[in-house]
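Chemist: Just to be clear, the model below is a prediction. Sequence and coordinates:
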Amino acid sequence: VFSSHRAHGHYLAWCDDVDGLVAELLGRRSGVVGGVGCTQHLHRRNFYTNGIQGGIVPNAAGAALAEKLAGSGAIVTVFLGDGTLGEGVVYESMNLAALWSLPLLFVLEDNGYAQSTPKSLVHAGDLLDRPAAFGIRAQRVIAGDPTAVHAAAVAAVASVRTECRPFFLALQTYRLAPHSKGDDLRDFTELAGARARDPLALLGSRLPPDARAAADAAAARRIEAAVATALAEPVQSLAEFQERAPWPQV
């Protein structure tokens, strides 16, 4: 699994490691990668993230080629946003994935914005035509219902695994939070409408009120405990940080 600079949800869904993630965000030695990767550069088992726009896509293609040559039967999934489709290396990777029949699932999180710029001002045409140009099968799913997304993902994974060919799953969604703290220029009415359609809120409304409250309370306790544990750990010294850093020391 290759994820992008917005990988916290993917990491928690895959690894269920709240303690390791919180410790990493706080720069502690017990973090996922020893406190040196922070929010954008996480690695655990076969889960990788990177903050370089589009950079994870050729990495994922290479990993898919390795799995195919090894005959492992494994597949690779790479997540990318609609803004990343402005990077040329994405299309180079699609071309090779199709040409070499790689077991690679592209998952597009189409949230309608590249940072603060609307998609309509960035991309011409239909984004689903991009993979089609390389002969890659593609499907668009309205991501308002998590159960529908899960069903589509299960089918996409099965297709890649059985046919050993790439697949492009486009999830039409919306980014509720700003790209960063001070660059959100969206209309309040637009944001209010999107929050009313929040898939997680709608999914939670299907639970009985008591069950929903219990789930929220359990999640809050788990996060609070992870924060308390991480804050109790000594902060790394500069020497310790440099010793753990993945880059060559001069």
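Modeler: Cool, got the structure.
Chemist: switch to C-alpha atoms for all contacts and neighbour counts from now on
Modeler: Fine.
Chemist: Low-confidence stretches in this protein?
Modeler: 244-250 (pLDDT under 70).
Chemist: in it, which spans are strands?
Modeler: Assigned by DSSP state E, the strands in the chain fall at 2-3, 43-44, 47-49, 76-81, 104-110, 113-114, 117-118, 137-142, 167-172.
Chemist: now for those, which one comes closest to Ala148?
Modeler: Among the strands of the chain, strand 137-142 comes nearest to Ala148, with 7.9 Å by C-alpha to C-alpha.
Chemist: Could you list the buried residues of the closest one?
Modeler: Buried residues in strand 137-142, counted by 16 or more other C-alpha atoms under 10 Å: Arg137, Ala138.
Chemist: Also stretch 99-119?
Modeler: For stretch 99-119, using 16+ other C-alpha under 10 Å, the buried residues are 100-114, 119.
Chemist: And for stretch 234-242?
Modeler: For stretch 234-242, by 16+ other C-alpha under 10 Å, it's Phe241.
Chemist: now do stretch 91-98
Modeler: Neighbour-count burial for stretch 91-98 flags Tyr91, Ser93, Met94, Asn95, Leu96, Ala97, Ala98 (criterion: 16+ other C-alpha under 10 Å).
Chemist: can you put the residues you listed in TSV and add distance to Ala196?
Modeler: Listed next are the buried residues of stretch 91-98 as TSV, based on distance: C-alpha to C-alpha, whole Å:
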residue	distance to Ala196
Tyr91	35
Ser93	37
Met94	35
Asn95	39
Leu96	41
Ala97	38
Ala98	39
